[in-house]
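Asks: need a 3D model of the sequence below.
(chains A, B, C and D)
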2 protein chains.
Amino acid sequence: MENRAKTKSNLIQSVDRALQILECFSRENRELGVTEISKYLGLHKSTTFGLLSTLESRGYVEQNLDNGKYRLGLKLFELGNLVHEGLDLRKQAYPFLKELVDKYQETVHLVVNDRGEAVYIDKVEGPGAIRMYSQVGKRPPMYCTGVGKAILAYMPDKEVDRILFEKGLRPFTPNTITDVDKLKAHLAEIREQGYSFDNEEIEIGLRCVAAPIKNHKGEVIAAISVAGPSTRMTWEKMNILAISVKEAAVNISRRMGYKGI
Amino acid sequence: MENRAKTKSNLIQSVDRALQILECFSRENRELGVTEISKYLGLHKSTTFGLLSTLESRGYVEQNLDNGKYRLGLKLFELGNLVHEGLDLRKQAYPFLKELVDKYQETVHLVVNDRGEAVYIDKVEGPGAIRMYSQVGKRPPMYCTGVGKAILAYMPDKEVDRILFEKGLRPFTPNTITDVDKLKAHLAEIREQGYSFDNEEIEIGLRCVAAPIKNHKGEVIAAISVAGPSTRMTWEKMNILAISVKEAAVNISRRMGYKGI
DNA sequence: AACATTGTTTGATAATGCAGAACAATATAA
DNA sequence: TTATATTGTTCTGCATTATCAAACAATGTT
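Replies: Residues are numbered from 1 along each chain as shown, chains lettered A, B, ... in the order given. Reported below is the predicted structural model:
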């Protein structure tokens, strides 16, 4: 339609800083003070205060009047919900996730690719007492999770390089693949098989099987996985799961308009 | 702790505008173009573009490459989830419960609807020696308690039927409503008033006033009540309480993201 | 009672965001 | 097809605006 080739980043400083402030908050740090934030971002206290005040006036943060600290506000909840609803991938995928859980009694995840990062957008938990701990909205690493590798495997080589360089290849366990070339060979294998395993690469005792979901253009936009404790996830089960997970992923891809196999 | 008396709004223009952009999007307008937004907000096209680019660079909006339009991004989903988790009802409700106790010197309860059953999840006890005996975690009957009736009143008719059939309508006192049609008429009345009374329906000598709490979707997820011995809970006091309890419930609902009145 | 640390306010300075116009690419109309 | 309108994007100079620094007020700590 138009000239859609964005050039160099011409960002608006104050806006970028305000957004950075929002991203300071996390599960571990639900409440932060002005000084705390300004130290973290390297901004002056008064600058931070101005940004916070603006965010506050529109409900993106709110202040705890007991201690003066700030926390994320309800406006974000509202907008987040809007996004959540719009993710029709989620709607389309849900019945297939449910089916997998019912069949294998293990937790199933749905993850999307957000500019090189994976984001959990849904999960259906299995009945077992020993469960994989995960939270919707979280961003797991790409190179050492089933879903992440399933997504990486279908990316252009250049983008894979960029992501791996940016994030690094920290070893979470002895099984984590930390060598770029080894990982790339592994990704090629995944691409050929159409599914990926995570064999305790991010956490000892956790295995999963994942498969990529494609959109109408055939681009990999997401992935699903079935995850569980290694005790239950035997290799026999993993191989059976591979077929089922791949099948479910293909079905979801079709729902998203994918015309391929 | 600090000087917490904010004066005049000294907002940062560009940040405020960026936030305004986010708020342009809605269920009806999931995708908007640069020109569209700039017209709506009365900004210059290039200004809007700069703001959008900054928002995009951090994932707060994303572009539909097919038509160049923008939509809300996954970062908002991520942050919204964070807010959602932090919003546990109990934390939000507590100050309002405390306020009611301080004002009326009677025990206040917070109850959630757990798939058709009421569960006490918090209480703040009044100072009086004659107290209502209750335990957090307990599940009182729905049809003969103030909180239970406040929750029932907003359920789909079919679910009300199911619950009443499952649990039955055992008479605890001569005041217990044991007739289904009478109870349903009573629930309709509660729905109209926005609060419910318990007039010695579960125990002689115990009266209470309750009101429903709604979530962001307007669904009744919980209720609060002020309860005390009939000797102190005169009808005059009950009517005064009705207003206060309803008000507190509405305030808590807002904290839970409810946008209605 | 002295001190350190918070969030908040103010005002001077210059960096920064903004509008206008031009550009490129598409969609629509003739 | 050709012409026109409309889209998203880029560029640059000017003046508005965001920034920093320092001071303030109120609380928590020693």
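Asks: buried ones in stretch A:201-216?
Replies: Buried residues in stretch A:201-216, counted by 16 or more other CB atoms under 10 Å in any protein chain shown: A:E201, A:I202, A:E203, A:L206, A:R207, A:C208, A:V209, A:A210, A:A211, A:P212, A:I213, A:K214. Every C-beta, even on glycine, is put in place using the N, C-alpha and C of the backbone.
Asks: residues in contact with the fourth one?
Replies: Contacts for A:L206 were tallied using CB atoms under 8 Å, 6 or more residues apart in numbering or on different chains; they are A:M132, A:D198, A:E200, A:A227, A:G228, A:P229, A:S230.
Asks: and the fifth one, how close does it get to A:T173?
Replies: Looking back up the chat, that one is A:G228. 16 Å (CB to CB, to the nearest Å).
Asks: between these two, which is the more surrounded one?
Replies: A:G228 (25 against 14; other CB atoms under 10 Å in any protein chain shown).
Asks: with adjacent residues omitted, what lies nearest to that one?
Replies: A:E106 (3.9 Å; CB to CB, 6 or more residues apart in numbering or on different chains).
Asks: look at the one you found and say how many residues are nearby.
Replies: 26.
Asks: show me the contacts for it.
Replies: A:E106 makes contact with A:L100, A:G126, A:G128, A:V226, A:A227, A:G228, A:R232, A:M233, according to CB under 8 Å, 6+ apart.
Asks: run the last query once more with 7 Å
Replies: By CB atoms under 7 Å, 6 or more residues apart in numbering or on different chains, A:E106 lies in contact with A:G126, A:V226, A:A227, A:G228.
Asks: just flag the most distant two among the buried residues of stretch A:201-216.
Replies: A:E203 and A:K214 (28.0 Å; CB to CB).
Asks: name the nearest residue to A:M256, ignoring sequence neighbours.
Replies: Nearest non-adjacent residue to A:M256 (CB to CB, 6+ apart): A:N215, at 5.1 Å.
Asks: quick check on the one you found: phi, psi?
Replies: Backbone geometry at A:N215, expressed as degrees, to the nearest 10, gives phi -90, psi -170.
Asks: report the angle between the helix or strand encompassing A:A18 and helix B:13-24.
Replies: Here A:A18 sits within helix A:13-24, counting by DSSP states H and E. With axes from the mean of the first three to the mean of the last three CA atoms, to 10 degrees as the basis, helix A:13-24 and helix B:13-24 are set at 60 degrees to each other.
Asks: next secondary structure after helix A:13-24?
Replies: helix A:34-41.
Asks: can I get that next one in PDB, CA atoms only?
Replies: The C-alpha trace of helix A:34-41 is given here as PDB (Å, rounded to 0.1, in the frame of the first residue of the first chain):
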ATOM      1  CA  VAL A  34      10.700   6.800  42.200                       C
ATOM      2  CA  THR A  35      14.200   6.700  43.400                       C
ATOM      3  CA  GLU A  36      14.500   3.000  42.800                       C
ATOM      4  CA  ILE A  37      13.300   3.300  39.200                       C
ATOM      5  CA  SER A  38      15.500   6.300  38.400                       C
ATOM      6  CA  LYS A  39      18.600   4.500  39.700                       C
ATOM      7  CA  TYR A  40      17.700   1.400  37.700                       C
ATOM      8  CA  LEU A  41      17.200   3.300  34.400                       C
END
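Asks: which helix or strand contains the one residue in the stretch 51-200 of chain A that gets nearest to DNA strand D?
Replies: Distances between the stretch 51-200 of chain A and DNA strand D by CB to the nearest atom of the strand are smallest at A:L51, namely 6.0 Å. Under the criterion of DSSP H and E, A:L51 resides in helix A:45-57.
Asks: likewise A:Y120?
Replies: strand A:117-124.
Asks: starting at the chain centroid, how far to the next helix or strand after that strand?
Replies: Next along the chain after strand A:117-124, taking DSSP H and E as the criterion, comes helix A:146-152. Helix A:146-152 has its C-alpha centroid displaced from the chain centroid by 10 Å (CA atoms, centre = their mean, to the nearest Å).
Asks: neighbouring contacts of whichever helix or strand comes after helix A:146-152?
Replies: Next along the chain after helix A:146-152, taking DSSP H and E as the criterion, comes helix A:157-167. For helix A:157-167, contacts defined as CB under 7 Å, 6+ apart pick out A:G116, A:P141, A:M142, A:Y143, A:L152, A:V180.
Asks: buried residues in helix A:157-167?
Replies: A:V160, A:I163, A:L164.
Asks: where in chain A is pLDDT low?
Replies: Along chain A, segments meeting pLDDT under 70 span A:1-9, A:27-28, A:66, A:128-135, A:261.
Asks: quick one: name the residues of it near DNA strand C.
Replies: With CB under 7 Å from any atom of the strand as the criterion, chain A comes near DNA strand C at residues A:1-3, A:12-15, A:33-36, A:45-46, A:49-50, A:52-53, A:63, A:68-69.
Asks: among the residues you listed, name the buried ones.
Replies: A:I12, A:S14, A:V15, A:G33, A:V34, A:F49, A:G50, A:L52, A:S53, A:Q63, A:K69.
Asks: so which of the residues you listed are also by chain B?
Replies: Restricting those to those near chain B by CB under 7 Å from any CB of the partner chain leaves A:I12, A:S14, A:V15, A:G50, A:S53.
Asks: ok, so of the contacts of A:L206, who is nearest A:L74?
Replies: Relative to A:L74, the closest of the contacts of A:L206 is A:M132; by CB to CB it sits at 29.9 Å.
Asks: check the gap between the closest residue to chain B within chain A and B:Y143 for me.
Replies: Nearest to chain B, among the residues of chain A, is A:G80, at 1.4 Å (CB to the nearest CB). Remark: distance between A:G80 and B:Y143 (CB to CB) = 37 Å.
Asks: now A:F77, what's its secondary structure?
Replies: What DSSP: H, G, I helix; E, B strand; the rest coil gives for A:F77 is helix.
Asks: what about it, neighbour count?
Replies: Other residues near A:F77 number 24, with proximity taken as other CB under 10 Å.
Asks: cool, and the one 4 residues further on?
Replies: If you count neighbours by other CB under 10 Å, A:N81 ends up with 20.
Asks: just the element for it, please.
Replies: helix A:74-86.
Asks: quick check: buried residues in stretch A:139-146?
Replies: Neighbour-count burial for stretch A:139-146 [16+ other CB under 10 Å]: A:P140, A:P141, A:M142, A:Y143, A:C144, A:T145, A:G146.
Asks: quick one: residues contacting the last one.
Replies: The contact partners of A:G146, by CB under 7 Å, 6+ apart, come to A:S196, A:F197, A:D198, A:C208, A:V209, A:A210, A:S225.
Asks: hmm, which two among the residues you listed are most spread apart?
Replies: Largest pairwise distance in the contacts of A:G146, by CB to CB, is 9.8 Å, between A:F197 and A:S225.
Asks: comparing these two, which residue is more hemmed in?
Replies: Taking other CB under 10 Å, A:F197 and A:S225 do not tie; A:S225 has more neighbours (32 against 24).
Asks: CA atoms of the helix holding A:L51 as CSV?
Replies: Provided in CSV are the C-alpha atoms of helix A:45-57 (Å, rounded to 0.1, in the frame of the first residue of the first chain):
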residue,chain,number,x,y,z
LYS,A,45,14.6,11.5,39.9
SER,A,46,12.6,14.4,38.8
THR,A,47,12.5,13.1,35.2
THR,A,48,11.3,9.8,36.4
PHE,A,49,8.7,11.5,38.6
GLY,A,50,7.3,13.4,35.6
LEU,A,51,7.0,10.3,33.5
LEU,A,52,5.4,8.4,36.4
SER,A,53,2.9,11.2,37.0
THR,A,54,1.9,11.1,33.3
LEU,A,55,1.5,7.3,33.4
GLU,A,56,-0.5,7.6,36.6
SER,A,57,-2.8,10.2,35.3
